[in-house]
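A.B. asks: Next come a sequence and a model predicted from it.
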Amino acid sequence: MSINELLLASLVPSTRQAAESQLTTVSVQPGFLPHLLQLALDPAQPLQVRQAASVYFKNNVRRRWDTESEEPPVPNDDKLALRRQLVPAMVSLSSPSDKLIRIQVGEAVATVAEFDFPQQWPELVDQLVSSLSESDYSINIGVLETAHSIFGRWRSQIRTDDLYTTINYVLSRFQDQFLALFYRTAALISQPGQPNLPLLAQAMALLLALFYDFTTQDLPPAIEDAHDKFFGNATEDGWFLHLLKWDPLELRGDPEDPNPTQPLVIRATILEIAELYTLKYHELLAPRIQAFVRAVWELIGASGETIREDIVVAQAIKFLSVAVKSGLNTQLFSQRETLESLCERIVVPNMSLREHEVEQFEDDPLEYIRRDLSLGIEGGSTRRHAAAELVRAFVSIGLETEVTNIMERYIAKGLEVYGQNPSANWRSKDTVTYLVTAVASHGSTTQQGVISINPHIDIIKFFSDHIALDLQSENETIHPILQVDAIRFLYTFRNQLTKDQLLAVLPLLVKHLTSRNYVSYTYAAITIERMLSIRHGIQPLFSHTDIQGFAPNILSALFGKIEAGGTPEKVAENDYLMKCVMRVVLTARNTLTPVYTSVLERLVNILGVISKNPSNPNFSQYTFESIAGLLRFIGKDTPSAIAHFENALFPPFTFILQQDIDQFIPYVFQVLSQMLELHPSNIPDAYRSLLPLLLTPPPWQQRGNIPALVRLVRAFLKKDAATMVQTGQLRTVLAVIQQRLIPSKLNDLFGFELLQAVVASVAPTDLRQYLRDVLMTLFTRLQTSRTDKYTYGLAYFIFYTMAIQVEGLNPDFVISAVESVQANLWPSLLADVLLPTLSKTPAKDVKVVAVGLVRLVTQSEAMLTEPCARTWPLALNALLKLLLQPGKHAQKDGNSDLNEEALSLIDLEEQNAGYQAGFSKLAASQPLPTDPVPHVSDVSEYLAGEFARAVREDRRGRYKRLLSGAEPQLVAPLIQALGTAGVSL
């Protein structure tokens, strides 16, 4: 099949997998990416082929352009060709019909620039400048989009010398042409009767975006010199104020279209620039701040209620918030009249629910929830968000009492209007609830809700007087939005309620899980999940006994709502429900033992459905977390249940592995590891039959599989290393380490992790024959591609091997293995590589490294003779320096606190959940950390004891001579401890 045919086949579900496999094979051939780009540009090709080519091109560039990537890198000749072709390609895609293709190619350009500009692509800016046209704005739009895709990255980057060098390089070549094009475009759009006004407006929007890009880090001198032209002065408004009012009739479009027009985009971007200047260059903006505040005030007043205007109104109010917080005009904003007017004309009207939001509540409830949930987060994008932030801005400059008094009048008035006719005036109460939330919340986060409140607002009283009744009402007796408001109020102020108060309302939330209203039952699930997530430190507020009576009913209701979806996409649509399932499982723990079989059955059924078409990464993560959590707490306390889990999970897991559902495979490996680790007996046959598959190359080629595969192979080694030695599987494991893991900068530490499992589980007599080759691989990587991370990984592995208690495994075993690679290699390795990196030892590793060093200086015969003896004082110095770090050599055993710590990481893990090349960890499946050297309780005591023993057994006084070479101030406490023990040096 040709590339064209493969691209078309990749769009058809029945042929997608085979076509993608063939494309992957040919994609590494030289010339493939330039050919793919030409396909995307060729107007003679079918549109589907061009679009598929552009997407595949972008994805290949993202995966393979970085030379550090695990994927086969793009050949240098192809890179050179593409750097020549990309800017002309963007220019050639200037037609509006090519917009989708231009977006994909533009993202590829940004990726290439991220890695190659300016060092390998110095001509990029000159290519952009030379492509600009005096008259063809279709071409200019392509150039400006390309420039913004590259320079827009500066907005989020941390200030560094390299970044500033790059910015100055760009400005030196681009800013004069940029300013000239800006002035020319601004003048053209101001002239009536322009035939290409839509293109001019789009170009102006991009020029403004670039203005933000250029000023986001620092103010370029040329732009600072032209400040009055943009911001105006006492006699002229300047381009920005002019453009804030610019709204030509021919560009207004259909008011029902939710997409903002170009004039609206222009206004919103100017307001973003004004916000940036208020935050970073306030001394320049200060003379014009009143003019901008006045213009923004007028702009908000003239704005309508359409959806497309939200972007401007929200950004305008956000600018006012920043202006208030900046203190540039505190006198203006603190005037009673101004404050009253702002609250009356801006805050209160923009807190009200609009008709399209009511329609969204009914027609697109999930999107309503997502937008509503972000209300308390600074920088929210809706009018309500922005209005709430403006209230908080007033509070931040000391106007808390004043703004509270003003808002209390509107709250009282709204409640009065509602009371006159609750069924007709329900919107008034909705507005009141949001006003109370805004004025009462000083600060909040998604994870914790409100974290500080306004002391002038009695949250508990308002809840009792006005919210509790709505929470208790039957689903059909009040408007569902008010019922959602009541649930949301609990969600928002959950940290302000006591545990007893939260437990009292929990039954009401459980009842709402059975509501027929999508938003009501989803918000109930969200609120329950967040309540159960409240922690004091790492300890959860609610224990398993607190929700023991509720858990089965909560789970049953949630499963019912999830299963009602029917199709894989609809079942996985609402990840809030599955997140609540996960939280209930992790909170209820072993109290679910009586019902765990039914809970597991429903989870397995849901997994079976979504496996047919994985579509929601968060839902999938929570599903597997729920399974892992159930296994964690039931399997630990009821070992006999492990067989039931295996019988239930093996069929769907087999399906996932056979169908190569790569999004789920890392999860499957983690849960398999968890079951194997919990298994009370030897490895069952079902696992043994899986091991040969795990040791073939394909599973290791998926980057996301590697951490889970390493854990699973470690579990096999721990359970039955002897059989793996007999069957030759150990040799295969070592080959994976040497060929796949250690050479990779991304996976080298996983190679060391697996090596540690090998040396801990395999008898030294069986390991000896392989050790020389393994060490040669380690040292080759050290010599050819050393990194700090790798060097420390090697050092930890060496000292781990010396520290652990395995018969026949001791420091001299390790030294002899190193010497088998090259004579006299050990002294230089120890002195020049291993010991210097120990200053970077993290606290969790100190005990193991220190025990390894103790054994090295007290149990090694080789270290007492030359040439190794000259490094003995260095090793002792390094050991004693480690022990000087207070508390760092204390080792935590696996206990309940660590259990809580592991589970508290779930909120962090879920933020990174997704179908990606990276690994998605299941926090609930993670084993508790174990101490590799449990025989040592105190390293300092262990050192003194071992040293005393070694000195007593040494008849030739070697330790006394070697000790004289160590640093006196370090060894003094050791000598004193030995003297106390009756050992004289």
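C.D. replies: Received it, and whenever you're ready, just let me know what you need.
A.B. asks: helices and strands of this protein: which one bottoms out on pLDDT?
C.D. replies: When each helix and strand of the chain is scored by mean pLDDT, DSSP states H and E, helix 906-911 comes last, with a mean of 49.
A.B. asks: Tell me the helices and strands packed up against the first helix or strand past that one going along the chain.
C.D. replies: Using DSSP states H and E, the helix or strand that follows helix 906-911 in sequence is helix 939-953. When contacts are defined as 3 or more Cβ pairs under 8 Å, 6 or more residues apart in numbering; DSSP states H and E, helix 939-953 sits against helix 843-859, helix 872-883, helix 958-963, helix 968-980. Every C-beta, even on glycine, is put in place using the N, C-alpha and C of the backbone.
A.B. asks: Return the distance of helix 939-953 from the chain's centre.
C.D. replies: Centroid separation for helix 939-953 versus its chain: 47 Å, with Cα atoms, centre = their mean, to the nearest Å.
A.B. asks: Okay, angle between that helix and helix 843-859 too, please.
C.D. replies: Put simply, helix 939-953 runs at 10 degrees to helix 843-859, going by axes from the mean of the first three to the mean of the last three Cα atoms, to 10 degrees.
A.B. asks: Is it possible to get the helices and strands packed on helix 939-953 out as TSV so that each row also shows mean neighbour count, distance to Glu283 and mean pLDDT?
C.D. replies: Output for the helices and strands packed on helix 939-953, formatted as TSV (neighbours: other Cβ atoms under 10 Å; distance: least, Cβ to Cβ, whole Å; pLDDT from 0 to 100):
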stretch	mean neighbour count	distance to Glu283	mean pLDDT
helix 843-859	23	46	95
helix 872-883	21	50	93
helix 958-963	17	65	88
helix 968-980	14	54	82
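A.B. asks: Let me have the ones you listed in JSON lines, extended by distance to Asp77.
C.D. replies: Output for these, formatted as JSON lines (distance: least, Cβ to Cβ, whole Å):
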{"stretch": "helix 843-859", "distance to Asp77": "45"}
{"stretch": "helix 872-883", "distance to Asp77": "48"}
{"stretch": "helix 958-963", "distance to Asp77": "58"}
{"stretch": "helix 968-980", "distance to Asp77": "57"}
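A.B. asks: Of those helices, which is nearest Val296?
C.D. replies: helix 843-859 (51.6 Å; Cβ to Cβ).
A.B. asks: Quick one: residues contacting the residue lying closest to Gln738 once chain neighbours are set aside.
C.D. replies: Distances taken as Cβ to Cβ, 6 or more residues apart in numbering place Thr777 nearest to Gln738, at 4.3 Å, with adjacent residues excluded. Thr777 makes contact with Ile737, Gln738, Ile742, Pro743, according to Cβ atoms under 8 Å, 6 or more residues apart in numbering.
A.B. asks: separation between Thr777 and Pro743?
C.D. replies: Distance, Thr777 to Pro743, using Cβ to Cβ, to the nearest Å: 8 Å.
A.B. asks: Heading C-terminal from the longest helix belonging to the chain, find the next helix or strand.
C.D. replies: Assignment by DSSP state H gives helix 161-189 as the longest helix of the chain. Sequence order places helix 197-215 as the next helix or strand after helix 161-189, per DSSP H and E.
A.B. asks: which secondary structure elements does that next one contact?
C.D. replies: Here helix 197-215 touches helix 137-151, helix 161-189, helix 221-225, helix 262-280, going by 3+ Cβ pairs under 8 Å, 6+ apart.
A.B. asks: would you list these in JSON lines and tack on mean pLDDT?
C.D. replies: What follows is the helices and strands packed on helix 197-215, written out as JSON lines (pLDDT from 0 to 100):
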{"stretch": "helix 137-151", "mean pLDDT": "93"}
{"stretch": "helix 161-189", "mean pLDDT": "95"}
{"stretch": "helix 221-225", "mean pLDDT": "95"}
{"stretch": "helix 262-280", "mean pLDDT": "96"}
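A.B. asks: Next, format those as JSON lines and append mean neighbour count.
C.D. replies: Converted to JSON lines, these look like this (neighbours: other Cβ atoms under 10 Å):
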{"stretch": "helix 137-151", "mean neighbour count": "23"}
{"stretch": "helix 161-189", "mean neighbour count": "16"}
{"stretch": "helix 221-225", "mean neighbour count": "13"}
{"stretch": "helix 262-280", "mean neighbour count": "22"}
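A.B. asks: export these to JSON lines and tack on distance to Gly852?
C.D. replies: JSON lines is the format used below for the helices and strands packed on helix 197-215 (distance: least, Cβ to Cβ, whole Å):
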{"stretch": "helix 137-151", "distance to Gly852": "49"}
{"stretch": "helix 161-189", "distance to Gly852": "39"}
{"stretch": "helix 221-225", "distance to Gly852": "58"}
{"stretch": "helix 262-280", "distance to Gly852": "51"}
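A.B. asks: Pull the number of nearby residues for Ser937.
C.D. replies: 12 (other Cβ atoms under 10 Å).
A.B. asks: And the strands in the stretch 401-550 of the chain?
C.D. replies: For the stretch 401-550 of the chain, applying DSSP state E, counting those that start in this stretch gives strands covering 441-445, 449-453, 535-536, 539-540.
A.B. asks: And the contacts of the last one?
C.D. replies: Outside of strand 539-540, the residues within contact range by Cβ under 8 Å, 6+ apart are Leu532, Ser533, Ile534, Thr587, Glu900.
A.B. asks: Relative to Glu400, which of these is nearest.
C.D. replies: Closest approach between these and Glu400, by Cβ to Cβ: Ile534, at 26.3 Å.
A.B. asks: from memory that closest one sits against Gln496, does it?
C.D. replies: No: judged on Cβ atoms under 8 Å, Ile534 makes no contact with Gln496 at a distance of 11.1 Å.
A.B. asks: separation between the residue nearest to Gly232 when sequence neighbours are not counted and Glu256?
C.D. replies: Computed as Cβ to Cβ, 6+ apart, the closest residue to Gly232 that is not its neighbour in sequence is Gly238, at 2.9 Å. To Glu256, Gly238 is 34 Å away according to Cβ to Cβ.
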